[in-house]
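> just coords:
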């Protein structure tokens, strides 16, 4: 199944063009470098939905929490949190 995972932008790297904008996004403590080119309005502290390493939309904190809570009850986060499967 293809899905988007909610995360919080904790840093945005300085880049010349918006299409190459990279941010550090935290997914419940796991931080990944994510392309922010599709969400040029995104700022540090915003929550975004990420699919295949690209932020596809900005969402509010409540929606991010509800989505992450749901996903944590499935096996869809196995790639993000491999340590959970000992």
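In hand now; what should we look at? Since the model is a prediction, treat every value here as computed from it, not as a measurement.
> so how many other residues sit close to residue 58?
Number of residues near residue 58 (other CB atoms under 10 Å) recorded here: 17. (Each C-beta comes from the backbone N, C-alpha and C, glycine too.)
> Show me what it bridges to in the sheet.
Assessed by DSSP bridges, residue 58 has beta-bridge partners residue 48.
> List the buried residues of the helix or strand of the chain with the lowest mean pLDDT.
Within the chain, no helix or strand scores below helix 61-72, which has a mean of 87 by mean pLDDT, DSSP states H and E. Using 16 or more other CB atoms under 10 Å as the test for burial, helix 61-72 gives 64, 67, 68, 71.
> Same check on stretch 47-58?
For stretch 47-58, the neighbour count (16+ other CB under 10 Å) marks 47, 48, 49, 50, 55, 58 as buried.
> I'd like to know how far the residue nearest to residue 22 when sequence neighbours are not counted sits from residue 24.
Among residues not flanking residue 22 along the chain, residue 13 sits closest, at 4.6 Å (CB to CB, 6 or more residues apart in numbering). Between residue 13 and residue 24 the computed distance is 8 Å (CB to CB, to the nearest Å).
> List the residues that are in contact with both of these two.
Common contact partners of residue 13 and residue 24 (CB atoms under 8 Å, 6 or more residues apart in numbering): residue 33.
> which of those two has more neighbours?
The neighbour comparison of residue 13 against residue 24 (other CB under 10 Å) goes to residue 24, with 16 against 11.
> re the thing from before, any idea how far the least confident helix or strand of the chain is from the chain center?
How far helix 61-72 lies from its chain's middle: 12 Å, per CA atoms, centre = their mean, to the nearest Å.
> Check which helices and strands it is in contact with.
strand 5-12, strand 47-51 (3 or more CB pairs under 8 Å, 6 or more residues apart in numbering; DSSP states H and E).
> Those strands: which one's closest to residue 40?
Closest to residue 40 of the helices and strands packed on helix 61-72 is strand 5-12 (CB to CB; 10.7 Å).
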